[in-house]
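# Here is a sequence with its predicted model. Questions after.
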Amino acid sequence: MIISCYFYALGATPILLGLAFNLSGKLCGTLDRNESAQYLSISTRKLDDLLSSGALKKLKIGRKTLIRLTDLDEFLAKLSGEESK
């Protein structure tokens, strides 16, 4: 389960910092393939299709594929914009 979090600065309006806690409870700015698919509520197969088509950006560290939370949020924002047209 991925939990996005809001931070409150001295009782001010919540600010989304594009951070999440991964399954082990660590604070992170990137997610692996499985976590990213879960974040988007899609299969890893669909996520792989989006990554290979260039619709989503990825980072590679050796064999590990990571996706920035900000990139996932931008992707979702683009989808919302297209649906409202």
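Sure thing, it's come through.
# How much space separates residue 54 from residue 60?
Using Cβ to Cβ, to the nearest Å, one obtains 14 Å as the distance from residue 54 to residue 60. In short, each C-beta sits where N, CA and C put it, glycine included.
# swap in residue 32?
For residue 32, the distance to residue 60 equals 12 Å [Cβ to Cβ].
# what about the two, which has more around it?
Higher neighbour count among residue 32 and residue 60: residue 32, with 16 against 8, using other Cβ atoms under 10 Å.
# Look up phi and psi at the closest residue to that one other than its chain neighbours.
Excluding the flanking residues, the one nearest residue 32 by Cβ to Cβ, 6 or more residues apart in numbering is residue 66, at 6.1 Å. Per-residue torsions, residue 66: phi -120, psi 150 (degrees, to the nearest 10).
# Quick check: residue 66 touching residue 57?
No: the pair residue 66 / residue 57 is not scored as a contact, 10.1 Å apart, by Cβ atoms under 8 Å.
# neighbour-wise, which of the two wins?
More crowded of residue 66 and residue 57, by other Cβ under 10 Å: residue 66, with 17 against 13.
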